[in-house]
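[1] Take this sequence and fold it.
(2 chains)
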Amino acid sequence: MTAPVLSVSGLTVAYGPHPVLDGIDLDLVAGRVHVVLGASGSGKTTLLRALIGMVPAPGRVSARRLLLRTAAGEVDLSTPDAWRRVRGRHIGLIAQDPAQALTPLRRAASLVREADRLAGGAADRARVEQLLRAAGFADPGAVASRYCFELSGGMAQRLGVGLAVAPRPAVLLADEPSTALDGLARARLAATLRQVAGDGAAVVLVTHDVALAAGLADDITVLHDGRLAEAGAAAEVLGPGSKWMIGLRPAAPPPAVRSTRVLSTRGLRKRYRGTGPVLTGVDIDVADGEVVGIAGRSGAGKTTLLRCLVGLERPDGGELRIAGRTPAEAGWRALRRLVQVVPQDPRGSLNPWRTARELVADPLDAHRIGTRAGRRARADDLLDRVGLAGLEHRRPGQLSTGQCQRVAIARALALRPRLLVADEPVTALDAPLRQGVLDLLGDVVREHGMAALVISHDLYVLEALCHRIAVLDAGRIVEDLPAAALRDDGTHPLTRALIECHPTGETHVR
Amino acid sequence: MADRRAWTRAAAVVARGVATAAGLLLVASMLVFALVRAAPGDAVDVEFGESGASALLSPEEEAAARAQRARELGLDRGVPEQYARWLDRVVRLDLGTSFRTGRPVVDELGDRVAASAALGGAGFLVALGSAWLIASLSARRPGGPLDHALRLLSLAATAVPTFLLGSLGLRYAADWFGYPVAGEASWRRLWLPAVVLGVGAMPVVARLLRASLISEYGRPYALAARARGASPARLTFRHVMRPAFAPLLTLAGLTLSSLVAASVITEVIFSWPGVSEYAVSAISAKDYPVVQAYLLLVVAVVVVVNRAMDVLQHLLDPRVAHAADVAA
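    Here you go, the predicted model:
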């Protein structure tokens, strides 16, 4: 075995008296993908920050050894100056949310030029074009002069990865790079990481995406409470029956469906000023008590569809009926009582200053339902129902992300809606928490006999919850099949691609 | 491509701005006209009181003389009629003649507007420049010694009243740099009042910019830029400064307006022949045409500067325009 590119031993990081990372040993070898797994709070993120010398201010870092081997010789990474010299050039980072990780008011070409110059490149016009092409932009001219905030999620992803990879760093760190990605983009990212490793870099992938990890990892380190819980070759750590596989198996299919339609759209269209059409004619029906999934890659129009369905966006054309009535007939105020949303980002959707009880009672207050005391009691019941009994006085800052999602679900249930719309309900959660929230969603839908529309790029999530799965592409539904039949009968290329990215059963565990 | 869009939007903003500004000026002129006349006493009272003429005249003669003077000044008519006549002249860019000097108000204010604009503009540059420097230094390490020192400096700049800073500045600048204490408004005399004005306006901008910078440093994109090897200075000036500064443009606009149109104390201390100082004397003399013209000028400056800042914001942070699209 060749000498490791980056050797770390006895790495300890503490913000207060208790270390967040305690005595971590890690050897990163060129050409291998090293996956770091761990629940939230296990120290994954801190480890990554320590590996690029950017532990935030009050943090104290100590290590017996932090040594980087480059072509030019060995670098001892014990001083901030040493870190500054290797950062970007020898150690690159792919950030978690690419859209957030690009300076919004800089143009794409300007960031590429800067990255190249910082890495000692020529940074001229031809070089920028070449790098943009390498990042996967077939037409560099079209993207070069755009502000980064104008890039779509997929473009930002490509640019972010391109910027990190361009200097050909010896070590490439990736921080939960797949959270914001749909199946296809995730597959492309996996291919890129594999290629970077193939070109001779050591890749460190920090993730809770076990499927991605299983497909890529050569070595795996599992962190628990800041210590190494397990470390070794991928096949050993991710064996069958590992707790890491929780949340990836489809659950039991939900119950019977009644025939009245709670939601029905015909030819729903929407475009934003300055962009192409986002929805080009969506036909979708949801019967009472039915759970329908909308699958699609990012940019397919999933979120816009949702915004149209709940009245946050006015469609340009087509018909929308909720419980048989159009918004024009019934008014959105009345219809909103029938449709409630479980949002994508549970923490961001909760007002940080309000307690769990106030948050859950909020829709009841807004529609002035019952007495004040009655609303409070109902909120406590709902919190009890979602497994948060006794936490009604906590504010979002004192709740975990999983608990925040439970509060959001309770809030969506408060009005006893007939249709629940869930936008990527578990994307923000760690694998071990996902199953719990999925079970809860399935249970409440069954119990209340309400219909649900679940939007996700994750086929596993949809299969776990839905009767029927519709695939959205380029603003229209291209496939609409019972969930059980999708894998066998789906014919649209996008459906096939989605299925390929989400293999069943044991196939993704080697 | 993105640029052309931004410019089109900016043009639309300007067009809308001109229309609103005209309406706003009309409403403001009515208010100004009514308010000026609502205060007790008028120019005739002031003239007769100051000249001591009432002591020499019999009550009948005085009443006749007063009526005669009021007729000359147009004060004998009803307020609505006075307003109509005044507005009729104003739309033809005739702001009337001063009660006191008999010279056209346009001439009297004209020279002074240039002096005030120079002083306010220079003060604004001083305020912005120093705020920018102080904010970027103190945001670098929040809670560090430099941050504390600069916080103290900002506090002191807020706490010391303009008249004190101005008088002290005048005394020492005259001793040390041979600053010409009296004389015409000139570039040589501009820098000191500009510094005094700027120091007074700096702390608010500096504190807000510091907070804005600190919050931008915490954004994922700042982290990513550092991870790509950006030095602290590059991070601040090439990545973080623009998004951090854009939201402060509104405040900057208000600051600029007040520095141009309402720096009475500084103008008096440095005997700078600006509009504010002149307006104060006009107010005490009940010189209605001058006061009205001054207040209209203030409204116009505020409107124009605010609109300019809106346009600038669209150019500096095009995300504002996008957000407006979604909200529309």
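
[2] So the residue of chain B most remote from its centre versus chain A, what's the distance?
    Distance from the C-alpha centroid of chain B, by Cα atoms, centre = their mean, peaks at residue B:58 (47.2 Å). Computed with Cβ to the nearest Cβ, to the nearest Å, the distance linking residue B:58 and chain A is 74 Å. The C-beta positions use only the backbone N, C-alpha and C, and glycine is treated the same way.

[3] What count of nearby residues applies to residue A:23?
    Neighbour count of residue A:23, defined by other Cβ atoms under 10 Å in any protein chain shown: 15.

[4] what's it sitting at in phi/psi?
    Residue A:23 adopts backbone torsions of phi 60, psi 50, taken as degrees, to the nearest 10.

[5] what secondary structure does the nearest residue to it once chain neighbours are set aside sit in?
    With Cβ to Cβ, 6 or more residues apart in numbering or on different chains as the measure, residue A:10 is the residue that lies nearest to residue A:23, at 5.3 Å, once sequence neighbours are left out. The three-state assignment at residue A:10 reads strand, by DSSP: H, G, I helix; E, B strand; the rest coil.

[6] Please work out how many residues are found near the spatially closest residue to residue B:112 that is not a sequence neighbour.
    Counting by Cβ to Cβ, 6+ apart, residue B:112 lies nearest to residue B:275, which is 4.7 Å off, once chain neighbours are set aside. As a burial measure, the neighbour count of residue B:275 was computed by other Cβ under 10 Å and equals 32.

[7] who touches residue B:275 in this structure?
    With contacts defined as Cβ atoms under 8 Å, 6 or more residues apart in numbering or on different chains, residue B:275 is in contact with B:109, B:112, B:113, B:115, B:116, B:261, B:294, B:297.

[8] For those, pick the one with the most neighbours.
    Tallying neighbours with other Cβ under 10 Å puts residue B:116 at the head of these, with 28 neighbours.

[9] Tell me which helix or strand it sits in.
    In this structure, residue B:116 sits in helix B:105-140 according to DSSP states H and E.

[10] For that helix, name the packing helices and strands.
    helix B:145-159, helix B:187-217, helix B:249-261, helix B:264-269, helix B:275-284, helix B:288-316 (3 or more Cβ pairs under 8 Å, 6 or more residues apart in numbering or on different chains; DSSP states H and E).

[11] could you redo those as TSV and give each row mean pLDDT?
    Putting those into TSV (pLDDT from 0 to 100) gives the following:
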stretch	mean pLDDT
helix B:145-159	92
helix B:187-217	91
helix B:249-261	88
helix B:264-269	87
helix B:275-284	86
helix B:288-316	85
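
[12] Tell me which of those helices lies nearest to residue B:166.
    Each of the helices and strands packed on helix B:105-140 was checked against residue B:166 via Cβ to Cβ, and the shortest separation belongs to helix B:264-269, namely 4.0 Å.

[13] And the contacts of that closest one?
    Surrounding helix B:264-269, the residues in contact under the criterion Cβ under 8 Å, 6+ apart are B:116, B:119, B:123, B:162-163, B:166-167, B:170, B:193, B:196-197, B:272-274, B:276-277, B:279-280.

[14] In contact with the residue nearest to the spatial centre of chain A, which residues?
    In chain A, the centroid-proximal residue (Cα atoms, centre = their mean) is residue A:179; its distance is 2.7 Å. Under the criterion of Cβ under 8 Å, 6+ apart, the contact partners of residue A:179 comprise A:96, A:97, A:209, A:427, A:428.

[15] sorry, back to before: closest to chain A among the contacts of residue B:275?
    Sorting these by distance to chain A puts residue B:261 at the head of the list, at 31.6 Å, by Cβ to the nearest Cβ.

[16] Does the closest one touch residue B:113 like I think?
    No - with contacts counted by Cβ atoms under 8 Å, residue B:261 stays clear of residue B:113, the gap being 9.5 Å.
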